[in-house]
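Undergrad: Sharing a sequence plus its predicted fold:
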Amino acid sequence: MREIHYNDIVKAVKEMVMDAEYKLPEDFIQAIKLSVNREESPLGREILQEIIQNAEVAEKEQVAYCQDTGYPVFFVEVGQDVRVVGGSLRDAINEGVRQATKEGHLRASLAYDPLFDRKNTGDNTPALIYFDIVPGDKIKIMFAAKGGGSENQSKQAMLKPADGIEGVKKFILQSIANAGPNACPPFTVGVGIGGTFDYSAVLAKKALFRHIGERHPDPRIAKLEEELLELANQLGVGPLGFGGTTTAIDIKIEIAPCHIASLPVAVNIQCHAARHKEIEI
Amino acid sequence: MVEAKKIITPLTDDVIETLRAGDKVLISGWVYTARDAAHKRMLEEYEKTGQLPFDVKGQVIYYVGPTPAKPGQVIGSAGPTTAYRMDKYTPKLLELGLKGTIGKGWRGPEVKEALKKYKAVYFAAYGGTAALLSKHITKVEMVAYEDLGPEAIRKLYFEDFPVIVANDIYGGDVFEEGQKKYRKLVV
């Protein structure tokens, strides 16, 4: 059985978190650059240019792209033929986040408890980690720094099977319109359809890891993604909500089997600080 | 592009009256930071003691929780946070003389009414462009609630900090007006 040392995971996580905070994914930046020419609003075009410039400055100066360095969310796929030695995988990920927060000058953005004194945990731990066991002897770590502003505008609904595709489309577009300027568009929109109440939201978050422009393998879903993207850009929200034709950069849908009585839909809004990164150890 | 108006804090009614939703403005001078936790504590303190940690008359509050400064930096990345979360507290602060707030996103009806009533303006800064915006902040001083970390109240010195007037004293709303122009689909 392959062994990976705790310290190697700490180091890899620390580096991936800092890198993600300073440098937006290349595919996203390219998509923003392409949107400048298509944007109809002059102010919208100017804002898109500012976004590109902000990304350039953050990368060059190795500073956080956004002051909200986000809730650290991980999807971790652990090969069944690998084991972690020298400590637990969960502890290693949290230690990586802790070190990235300190050395990378990230903002501490988590509160211990949601209701009472809301004291800051001080180091962005505990991270939210979803584990999965997969074949192989590798560990794949997917990281998202999820900002509060866009997460706050995300929505979930338990629709009726009778609401069908039209009901789902309406709910997704309403969620995007309502998110508006509060959630820093242009958005990438992760959608989870099916599963259970909770799993639809997990799917929506996981969908955000797919590359810009990469369509769902099921051609029916792929067509729905394209149609929704076009409709979303007719809502008028525009860059940072000041009005325009660039409201969403992409919409990505994941689906799962569901109960015969249910049609769960979750919409996870991602702001333009689309900090996602994947590594394999 | 229309040239931006330059204004200097603290703000007076004369200046507020000239500002219209959609105007580009460059702000210079001291402003105060406060976000969720600082607002809650400030207003709880005011309820009990009748005092605020700083005199809000004529002042501007920037809704921001910056990242820590790297060595050699004055401040870390410092973009606006979503303003509506402060709506519960804002009318009282406007009543006490606050003249401006800076954030991102929509304000609720109570705040829009209070802006008209007490003559104040809500400015929107470009959300998420935090690495760029921090370059317009040249001095930082701690004011209160240091234990709140990124949510502490600080004084920031702005030099031509770029914002857009989002809500003015005449009922103008830059988001509503801007989106209406490009809206082809209503859901």
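TA: Thanks, I have the structure now. Numbers count the residues shown, from 1 in each chain, chains lettered A, B, ... in the order given.
Undergrad: Which strand or helix spans residue B:179?
TA: Using DSSP states H and E, the element containing residue B:179 is helix B:174-182.
Undergrad: which helix in the chain runs the most residues?
TA: This is for chain A. Longest helix in chain A by number of residues (criterion: DSSP state H): helix A:42-61.
Undergrad: ah, no, chain B please
TA: Max-length helix for chain B by DSSP H is helix B:36-49.
Undergrad: by contact count, what packs against the helix or strand following it?
TA: The first helix or strand that comes after helix B:36-49 along the chain, using DSSP H and E, is strand B:60-62. Where contact means 3 or more C-beta pairs under 8 Å, 6 or more residues apart in numbering or on different chains; DSSP states H and E, strand B:60-62 is packed against strand B:24-33, strand B:100-103. For glycine as for every other residue, the C-beta is placed from the backbone atoms N, C-alpha and C.
Undergrad: Which SSE is immediately downstream of strand B:60-62?
TA: Scanning onward from strand B:60-62 (DSSP H and E), the first element met is helix B:90-95.
Undergrad: Quick check: mean pLDDT of that next one?
TA: This predicted structure assigns helix B:90-95 an average pLDDT of 98.
Undergrad: Extract the C-alpha trace of that helix and format it as CSV.
TA: In CSV, the C-alpha atoms belonging to helix B:90-95 read as follows (Å, rounded to 0.1, in the frame of the first residue of the first chain):
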residue,chain,number,x,y,z
THR,B,90,-27.7,52.1,9.4
PRO,B,91,-30.8,54.4,9.9
LYS,B,92,-29.8,55.0,13.5
LEU,B,93,-26.2,56.0,12.5
LEU,B,94,-27.6,58.3,9.8
GLU,B,95,-29.9,59.9,12.4
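Undergrad: buried stuff in the lengthiest strand in chain A?
TA: When chain A is parsed with DSSP state E, its longest strand is strand A:248-258. Using 16 or more other C-beta atoms under 10 Å in any protein chain shown as the burial criterion, the residues of strand A:248-258 that qualify are A:248, A:249, A:250, A:251, A:252, A:253, A:254, A:255, A:258.
Undergrad: before we move on, back to that, columns mean neighbour count on top of the helices and strands packed on strand B:60-62, output as TSV?
TA: Below are those laid out as TSV (neighbours: other C-beta atoms under 10 Å in any protein chain shown):
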stretch	mean neighbour count
strand B:24-33	19
strand B:100-103	27
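Undergrad: Present the ones you listed as a markdown table; the columns should include mean pLDDT and distance to residue A:165.
TA: As requested, the helices and strands packed on strand B:60-62 are exported to a markdown table (pLDDT from 0 to 100; distance: least, C-beta to C-beta, whole Å):
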| stretch | mean pLDDT | distance to residue A:165 |
| --- | --- | --- |
| strand B:24-33 | 98 | 43 |
| strand B:100-103 | 98 | 37 |
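Undergrad: Could I get the pLDDT score of the nearest residue in space to residue B:103 that is not next to it in sequence?
TA: Nearest residue to residue B:103 in three dimensions, chain neighbours excluded: residue B:83, at 3.0 Å (C-beta to C-beta, 6 or more residues apart in numbering or on different chains). In this model, residue B:83 is scored at 98, pLDDT.
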